[in-house]
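Trainee: below: sequence and its predicted model.
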Amino acid sequence: MSRSRSCRGCLENAPREAERGEEPVDRQLCFAKMVKMNGHAWLALIALFLLPPSSAKKAPVLDHAMLSTIAGTPSHPPYGIPASDFAHAISAANNNSISNASFPITGYNTSIPAGPDDATGNGITGWHLAIDVAANVPLTHATEIVSATVKKNNVTEVATLSLVPPSVVSLENDSWRICAIVFSGGLSDDTVDGALRNGDKLNGTCDRFLSSACIQQLQVNSVANNTARKGGKGCQGLQVPAACGKSFVVKVGDGYEINSTNVSQLNGNNRYSFFVEASPPTSKDNATVVLAMERIVRPVVITWTHFSTSGEVHDSAGWLSCVKAPDVTNPDWNDSKATNGGGSGKEKSMWALIVALVLTAVMANF
C-alpha cells in the first residue's frame, strides 16, 4: 500500500512541478510502477491516455524590451491598416475581442455651453475609460508593411482605448475640448510587477503604481498649457515629470482629441475610441503576445477644457487613470479565441488528473 501512495504522490505533484518550471514528472514511469505492483495494466493505460503530454509548456511572459508596440488611432490604425478593415476586425460581430475592462473616471457635464459657469467645479458620474484587447487583426492590406509574406501569414494583436460617456451628455458641444494623453508602452515592468504578482485588484487608479507627487504633477501639467478654442495647439503631448522617476516606458505622452469623430460601436456600446496600440507582426493565435498586451498597465490623462463665450480657456481639469485589460488568455491557448469553447488546457489537465487519481485508488485497494 505504501508504494501505491508513493505513485499517487508522483501524479499529484506533476502539475505543481510544471507550474514551478521544474522538470516534468515522468508519468509513464509512474504508471509502469503501478502496473508492476497491481497487475491492472488496462486501467493504467486508460489514465495515461487521458493525461496531457508532459512536454506542454506555458507561454513565456514578454517584457517591454521584447515587445515594441506601435501606436495609432482607429481612423489611422497602426501599420497602415485600412480603417474599415480595422473596425471590422475588432468589432463584436467578428468576435476577435479577447479581453476588456471599463473603469470609472472623473468627468463633467459637457452639455454646459460656453460661458462663465465653473463647469469643472463638480464632476458627474457615469464616465468610464475602457480598454479592449483584440487578437488576430489581419495585416493583409497594411500599406506600411512591404513584405507580402508578412501580410499573408502574420497578424497583430491590438489594444484600443475608449472614453464611454453617460447617456445624459453629448460630445457635440464645441464649448469643450476633451483630450487624452497616452503614454505608449505603459508603465515599466519594475513599476507594475509587484502589484501584479500580489494579485492586487486594479480599479483604474494609479496610486498602487505611482507616488502621489508623480500623479499630482502629471495632472497639473496636463492643463498648464491649454490654449484657446481657435488658433490654439489643440491636444498637446506631456512630458513625464522627474517626480515619476523611471516608472514610464516612454518620456513623453501623446495627445489625442476626443470628439464626435471618434464615435464607435466597439463591443456593441456607444463610445469614443481614440487610441490603438499594436504588437509587432506575429503568428496567428500567439498566446505569448496576447498575454503581453493584456499585461501592460497604460497611464492615461483625460483633460477637460471649458471655454468662455469668446473662445478663451475658462476652466480646466486633468485626471490620471491607469488601465489594464484582465489576464484572461489561456497560456496554452492555440485556438482562435482565448478561453471560449472547448475548455482550457488547465481545465482538461485537472480532469485528467482526477480520473488518474480515482483509478490509482481503485488499483491500490485490489
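Mentor: Perfect, thanks for sending it. All values derive from a computational prediction rather than experimental measurement.
Trainee: only C-alpha atoms for contact and neighbour calcs from this point on.
Mentor: Noted.
Trainee: buried stuff in stretch 161-177?
Mentor: Leu161, Ser162, Leu163, Val164, Pro165, Pro166, Val169, Leu171, Ser175, Trp176, Arg177 (16 or more other CA atoms under 10 Å).
Trainee: what's the end-to-end length of it?
Mentor: With CA to CA, to the nearest Å as the measure, the ends of stretch 161-177 fall 18 Å from one another.
Trainee: and if you look at stretch 104-124?
Mentor: 11 Å.
Trainee: same question, stretch 284-304
Mentor: Distance between the two ends of stretch 284-304: 40 Å, counting by CA to CA.
Trainee: now swap in stretch 167-178 and tell me
Mentor: End-to-end span of stretch 167-178 (CA to CA): 17 Å.
Trainee: and stretch 138-146, by the same measure?
Mentor: Terminal residues of stretch 138-146 are spaced 14 Å apart (CA to CA).
Trainee: ditto for stretch 121-139
Mentor: Taking CA to CA, the first and last residues of stretch 121-139 lie 46 Å apart.
Trainee: tell me the mean pLDDT for it?
Mentor: In this model, stretch 121-139 has a mean pLDDT of 92.
Trainee: how about it: buried residues?
Mentor: 126-139.
Trainee: the helix or strand hosting Asp132 pairs with which strands?
Mentor: Using DSSP states H and E, Asp132 sits in strand 128-138. Here strand 128-138 has these sheet partners by DSSP bridges: strand 97-104 (antiparallel), strand 155-164 (antiparallel).
Trainee: reformat the ones you listed as JSON lines; add mean pLDDT.
Mentor: Output for the strands paired with strand 128-138, formatted as JSON lines (pLDDT from 0 to 100):
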{"stretch": "strand 97-104", "mean pLDDT": "91"}
{"stretch": "strand 155-164", "mean pLDDT": "95"}
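Trainee: highest mean neighbour count out of those strands?
Mentor: Of all these, strand 155-164 has the most neighbours on average by mean count of other CA atoms under 10 Å, namely a mean of 25.
Trainee: give me every residue that touches Ile124.
Mentor: Neighbour list for Ile124: Thr106, Gly107, Tyr108, Asn109 [criterion: CA atoms under 8 Å, 6 or more residues apart in numbering].
Trainee: how about those residues in CSV, adding distance to Ser321?
Mentor: CSV is the format used below for the contacts of Ile124 (distance: CA to CA, whole Å):
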residue, distance to Ser321
Thr106, 10
Gly107, 12
Tyr108, 16
Asn109, 19
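Trainee: in the stretch 1-150 of the chain, what spans have low per-residue confidence?
Mentor: 1-66, 92-95 (pLDDT under 70).
Trainee: now the helices for it?
Mentor: Here the stretch 1-150 of the chain has its helices, by DSSP state H, counting those that start in this stretch, at 2-19, 27-38, 41-50, 83-90, 148-153.
Trainee: Val150 contacts Lys284, correct?
Mentor: No: with contact defined as CA atoms under 8 Å, Val150 and Lys284 do not form a contacting pair (11.3 Å).
Trainee: look up how far Trp304 lies from the nearest residue to Arg271 once chain neighbours are set aside.
Mentor: Closest residue in space to Arg271, ignoring its immediate chain neighbours: Val164 at 4.6 Å, by CA to CA, 6 or more residues apart in numbering. Distance, Val164 to Trp304, using CA to CA: 14 Å.
Trainee: with Ala114 instead?
Mentor: Ala114 sits 13 Å away from Trp304, going by CA to CA.
Trainee: compare the two (neighbour count), which wins?
Mentor: The residue with more neighbours, out of Ala114 and Trp304, is Trp304; 24 against 21, by other CA atoms under 10 Å.
Trainee: show me the contacts for that one.
Mentor: Gly107, Tyr108, Thr120, Trp176, Arg177, Ile178, Cys179, Ser316, Ala317, Gly318.
Trainee: for it, give the beta-bridge partners.
Mentor: With DSSP bridges as the rule, Trp304 is bridged to Ile178, Ala317.
Trainee: so how far is Val276 from it?
Mentor: As judged by CA to CA, Trp304 and Val276 stand 21 Å apart.
Trainee: now do Ile105
Mentor: Note on Ile105: its distance to Val276, by CA to CA, is 20 Å.
Trainee: I'd like to know how far the closest residue to Thr73 other than its chain neighbours sits from Asp207.
Mentor: Leaving out its chain neighbours, the residue that sits closest to Thr73 by CA to CA, 6+ apart is Phe275, at 4.6 Å. Look at Phe275 and Asp207: by CA to CA, they are 23 Å apart.
Trainee: between those two, who's got more neighbours?
Mentor: Phe275 (28 against 12).
Trainee: that one contacts Cys179, correct?
Mentor: No: between Phe275 and Cys179 no contact is recorded; they are 11.2 Å apart, counting by CA under 8 Å.
Trainee: mutual contacts of the two, please.
Mentor: Common contacts of Phe275 and Cys179 (CA under 8 Å, 6+ apart): Tyr256.
Trainee: and Ala195, which of the three is it?
Mentor: The three-state assignment at Ala195 reads helix, by DSSP: H, G, I helix; E, B strand; the rest coil.
Trainee: and the gap between the closest residue to it other than its chain neighbours and Lys251?
Mentor: Nearest in space to Ala195, with sequence neighbours left out and distances taken as CA to CA, 6+ apart, is Arg208 at 7.1 Å. Note on Arg208: its distance to Lys251, by CA to CA, is 20 Å.
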